[in-house]
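> Give me a model of this one.
(4 chains)
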Number of protein chains: 2
Amino acid sequence: MPELTLEDIAKLVGVHRSTVSRVVNGASNVSPEVRKRVLKVINETGFHPNAAARSLATQRSWMIGLVLPHSVSSFFTDPYFPQLTQGIAFGCNNHDFTLSLFLVSNKEDEAKITPRISRRGMLDGLLIQTGQPEDLLVHRLAKSSIPSVVLGRPAVPAGITYIDVDNVQAAFNATRHLLDLGYTRIATITGNHDSTVTSDRLDGYCKALSAAGISMDEALISEGSFTEIGGYNAMDKLLEARPQAVFAASDSMAVGAMRAVQEAGLRIPEDIAFIGFDDVPLATLTKIQLTTIRQPILKFGIKAVELLIDVIENGQKPARRIIMDTELVIRDSCGAKMIRLNQDGK
Amino acid sequence: MPELTLEDIAKLVGVHRSTVSRVVNGASNVSPEVRKRVLKVINETGFHPNAAARSLATQRSWMIGLVLPHSVSSFFTDPYFPQLTQGIAFGCNNHDFTLSLFLVSNKEDEAKITPRISRRGMLDGLLIQTGQPEDLLVHRLAKSSIPSVVLGRPAVPAGITYIDVDNVQAAFNATRHLLDLGYTRIATITGNHDSTVTSDRLDGYCKALSAAGISMDEALISEGSFTEIGGYNAMDKLLEARPQAVFAASDSMAVGAMRAVQEAGLRIPEDIAFIGFDDVPLATLTKIQLTTIRQPILKFGIKAVELLIDVIENGQKPARRIIMDTELVIRDSCGAKMIRLNQDGK
DNA sequence: TTGATCCATGAGAGCGCTCTCACAATAAAG
DNA sequence: CTTTATTGTGAGAGCGCTCTCATGGATCAA
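Numbers count the residues shown, from 1 in each chain, chains lettered A, B, ... in the order given. Below is the predicted model:
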C-alpha cells in the first residue's frame, strides 16, 4: 500500500485537492454527490491524512505531553500514578488528543527531554506533575510559551495554572474522624518532607489536633516517603511512642505501617487504628480493610486534561486553579465499626 | 517570546536558512566562525526547530506509540505494566524518541484511536501489547504499513515481529523447582485462559509434571485472571484438592492465593509452598517473601524499543523475534530454605 | 435582460523545515 | 599558471496539508 496523499485521492476522484480536504474535514459546502464519490475512494484506499503536514498547516498537533519528573518516577511502584495516567489517557481519548509520556528518571533524561518538549509543533500543551519544591521543570514551563497545567500545587503557585485536591481539608477530615472516635494520641506518617502534598496533609493533621485542643507531639510524626517500605520503617519508629491511631498520608504507607504493627504483635484497630489516603485498590486487599480518604484520581486526570484544553484554546492567562474534594471512606482499620458495635452491645 | 523560525535566525545572523539548518543538525561543512555566530543567536533566542515542519520534510517523527489494548488496560492495577512502560520510556529516552501512550479502555476508544495511530506522519513505529488471541489490533497492524513490534507472542505469529520471554521454559523451571523440593501434588493458578501467556505457562507446568512422570489432575488447575483477587478466589477452589505446592502465573495472583491459604489457617510454606511469576516489588513486600520467576521487565521494554528501531530503519521484513530468558529467584515461600535447614539439622 | 446573491469548486500561497544542486572561493596538484 | 579537487554558502524545490480568495454557473428579484 503506497503512501497516498490528498493529491492522489483528488486525482482518482477527478476533483481538486481542496475538495478532498473539505470532505476529510467535514466542511459543509461540498455537494452530496461529490462528497459521496470522494468518501468512496477514501474508504477503498484506506487513506489517512498526514499528521505532520496537517500540524504544520494548522499549527495544532492535537497532542499533549505528560511529564512525570525525576522525583516522581519511582512512584511508578505506587498505584496512584498508573491510575492518574489512565485518567489522563481517558480524558485525551474523549477530546481526540494523543498523549505523550515523558518519564524523567534522572538528570540526563531531563536534559534530553527538555528540548523535545519545548520544541514547537509537537505538543499543543503540557501536563506537569509537581515533585520537589522549586521544581526546575515547573519553572521552565512558566517561562516557555507552551500552554501548561501543573498537577498538584506548586511550591510557588503565583501565575501558574494548576489542579489539586484539597489536601489540607482532607487530612483535617481524616484526623477529625479519628478524634471523633475518641482517640487522642494520634500519630501521622508523612510523605517526603519536601513536597507540597506532604506539607498540606501535615497541615490538615495539625489543624484538626489544635481545633480539638490537643497539643502537637513531635514524637508522633514520622516520615514515610510514600512507599510501603517507607511506611513500615516509619511505623517502627512510632511504635515506642504508643499512638492509639495513625493517619498515614498514603494507602501504600498505611499498608506498610500496618504490617509493622502486626509483626509487633499488636491488633488493628483494637490496639492501633489506621486511616490512609488515596483509596487505591490496595486499600481493600488487606485483611483488615483500610479506612481512607478517597481521591477522585480518574476524575482528576480527566479534569486536568479539560483544564489544559481550556488553556490551549483560551490562553494561559489568567492563571486558573481547580481544587477537587475528597471523601472519607470508612472501613475496618479505623475501628469505627467496632466502636459502634460495642456501644450497641451495651 | 515570538515563535521564531530558521528564517528569523538566519536573518539575525546574516546567513541563509540552509546554513542555520546545518548548524542545528550538526552538519560538518560549516566554518567554525559562522557556526559560532549561529549558535550564539540560537542560545540567546532560545530557538527550537518546529517538529511538525521537520517531520514533514524528513518523513520521520522520532515518535513511537505504545498500544495497550482493552483487554489489558485494567492491568494497570498490576505493577507489571507500569514497569514495562518505564522500560519502554527509558529505551525511548536512550534513542531520542518520544513515546505516545494509547490506552484503549473500550471499543469506542479503539474506534477513536485507530485512525490516530494509522495516520502517517505522526508515528515512526508502534509497540503493541498482545491481549486476547486474534487480537484485532495486532491483525490491523500487520495489514498497515507502519513498522511495528508486538509485545508477547501473538496467537498467530506468522510474519509478525515480536518479543517475548520464554514462558514455557520459565514455567517448566518453576514447576521443576517445586518437584525437586519433593512436592508431588503441585497445583497451578493460571491467568486468563484466552491469552498466549497463560497457555505457554500452563504448557511449561504440564511438561515439567510429565517429565517427572506425574499425571495431570484437572482439579489442581485453577484460573485466576492475573489479579490479586483472582488469585484469592482461584486458591479457594484449590484448597479442597489439598495441593502441597502452588505455581501461580503471576506474583499478584500468588499474593492473593497466599492470603486465602493463611485465612484458611494453613502455613506457608509448611502446609502449602508457593512460587510466583514476574518478580515485581510486591514479591518482597509480603511477610513470607515470594519465590518467583524473575522477568527482566525493564530490559524487556528497552529491548522492545531497540527491536522496533531496527524494524523502522531496516524494514518490516524479515519478521524478527526475540525471546528473553527468565531467572528463578528463591526466597521463602517455596520452602527450599526450610527444607535445606531441616536436612542440615538431621 | 441585467445585476445581485449564493454555492460548489479550483487555484495557489504558505506552514517551517530538509536536502540536493549550483556556485564561488580557496587549496592542492600538474 | 592552469586544471582539478575541496570546501563553505546560497538558492530553491518540495514534504502534504489548510485556508483564503477567485471563478463560474445557477438562482432569483427587479
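> State the helix or strand in which residue A:163 lies.
If you go by DSSP states H and E, residue A:163 is part of strand A:162-165.
> Could you list the paired strands of that strand along with their orientation?
Paired strands of strand A:162-165, with direction, are strand A:148-151 (parallel), strand A:321-324 (parallel) (DSSP bridges).
> contacts for the last one?
When contacts are defined by Cβ atoms under 8 Å, 6 or more residues apart in numbering or on different chains, strand A:321-324 is touched by residues A:157, A:161-166, A:295-296, A:299-300, A:303, A:307. Glycine gets a C-beta too; all of them are placed from N, C-alpha and C.
> which of those residues lies closest to residue A:228?
residue A:295 (17.7 Å; Cβ to Cβ).
> thinking again about what came up before, check the strands paired with strand A:162-165 for me: which has the lowest mean pLDDT.
Lowest mean pLDDT within the strands paired with strand A:162-165: strand A:148-151, a mean of 93.
> how about that one as PDB, C-alpha atoms only?
This file holds the C-alpha atoms of strand A:148-151, laid out as PDB (Å, rounded to 0.1, in the frame of the first residue of the first chain):
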ATOM      1  CA  SER A 148       0.500  24.000  30.600                       C
ATOM      2  CA  VAL A 149      -1.200  22.800  33.700                       C
ATOM      3  CA  VAL A 150       0.600  21.700  36.800                       C
ATOM      4  CA  LEU A 151      -0.700  18.600  38.600                       C
END
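> give me the residue from the stretch 151-300 of chain A nearest DNA strand D.
Across the stretch 151-300 of chain A, the shortest distance to DNA strand D (Cβ to the nearest atom of the strand) belongs to residue A:161, at 25.7 Å.
> Any residues of the stretch 201-346 of chain A in contact with chain B? List them.
Within reach of chain B by Cβ under 8 Å from any Cβ of the partner chain, the stretch 201-346 of chain A has these residues: A:228, A:229, A:256, A:259, A:263, A:281, A:285, A:287.
> Secondary structure element holding the third one?
Using DSSP H and E, residue A:256 falls within helix A:251-263.
> returning to what we had before: pretty sure the residue of the stretch 151-300 of chain A closest to DNA strand D is touching residue A:153, no?
No - using Cβ atoms under 8 Å, residue A:161 is not in contact with residue A:153; the gap is 11.4 Å.
> what's the neighbour count on the residue of the stretch 101-250 of chain A found nearest DNA strand D?
Proximity to DNA strand D, evaluated over the stretch 101-250 of chain A using Cβ to the nearest atom of the strand, is greatest for residue A:121 at 11.2 Å. Using other Cβ atoms under 10 Å in any protein chain shown, residue A:121 has 22 neighbouring residues.
> repeat for residue A:287
Other residues within reach of residue A:287, judged by other Cβ under 10 Å, total 11.
> Now it: closest residue in space that isn't a chain neighbour?
Nearest residue to residue A:287, sequence neighbours excluded (Cβ to Cβ, 6 or more residues apart in numbering or on different chains): residue B:259, at 6.9 Å.
> is it true that that neighbour touches residue B:229?
No - if you go by Cβ under 8 Å, residue B:259 and residue B:229 don't touch, sitting 9.6 Å apart.
> Now list whatever residues contact both of these two.
Common neighbours of residue B:259 and residue B:229 (criterion: Cβ under 8 Å, 6+ apart): residue A:285.
> which residues touch the closest residue to DNA strand C within the stretch 151-300 of chain A?
Nearest residue of the stretch 151-300 of chain A to DNA strand C, counting by Cβ to the nearest atom of the strand: residue A:161, 24.8 Å away. Residues in contact with residue A:161 (Cβ under 8 Å, 6+ apart) are A:148, A:149, A:150, A:307, A:311, A:316, A:319, A:320, A:321.
> For the closest residue to the fourth one other than its chain neighbours, grab the count of nearby residues.
In other words, residue A:307. Distances taken as Cβ to Cβ, 6+ apart place residue A:149 nearest to residue A:307, at 5.1 Å, with adjacent residues excluded. Residue A:149 sits with 29 neighbouring residues when counted by other Cβ under 10 Å.
> my guess is residue A:149 meets residue A:138, correct?
No - using Cβ under 8 Å, residue A:149 makes no contact with residue A:138, being 10.9 Å away.
> got any residues that touch both of those two?
Common contact partners of residue A:149 and residue A:138 (Cβ under 8 Å, 6+ apart): residue A:128.
> Mind giving me the packing neighbours of the top helix by length along chain A?
Determined from DSSP state H, the single longest helix within chain A is helix A:297-314. Helix A:297-314 sits against helix A:80-94, strand A:125-129, strand A:148-151, strand A:162-165, strand A:321-324, with contacts defined as 3 or more Cβ pairs under 8 Å, 6 or more residues apart in numbering or on different chains; DSSP states H and E.
> Residue A:332 and residue A:306: what is the separation?
Applying Cβ to Cβ, to the nearest Å, the value for residue A:332 to residue A:306 is 36 Å.
> what about the two, which has more around it?
Neighbours were counted for residue A:332 and for residue A:306 using other Cβ under 10 Å; residue A:332 has more, 19 against 16.
> Am I right that that one sits in a helix?
No - counting by DSSP: H, G, I helix; E, B strand; the rest coil, residue A:332 is not found in a helix; it is coil.
> so how far is residue A:152 from the residue positioned nearest the centre of chain A?
When Cα atoms, centre = their mean is applied to chain A, the residue found nearest the centroid is residue A:84 (4.2 Å). Distance, residue A:84 to residue A:152, by Cβ to Cβ: 10 Å.
> pretty sure residue A:91 contacts residue A:307?
No - Residue A:91 lies out of contact with residue A:307 (Cβ under 8 Å); the separation is 9.6 Å.
> tell me the domain ranges of chain A?
Following automatic domain parsing, one finds the domains of chain A at A:6-58, A:63-165+A:297-325, A:167-295+A:329-345.
> End to end on the first one, go ahead and measure it.
Start-to-end span of domain A:6-58 (Cα to Cα, to the nearest Å) is 16 Å.
> hmm, it touching DNA strand C?
Yes - shown here: domain A:6-58 in contact with DNA strand C (Cβ under 7 Å from any atom of the strand) through A:14-19, A:22, A:28-31, A:33-35, A:53, A:56-57.
> from those residues, which ones fall inside helices?
Those of those lying in helices (DSSP H): A:17, A:18, A:19, A:22, A:33, A:34, A:35, A:53, A:56, A:57.
> Quick check on those residues: which are buried?
When these are checked for burial by 16 or more other Cβ atoms under 10 Å in any protein chain shown, the buried set is A:19, A:22, A:34, A:35, A:53, A:56.
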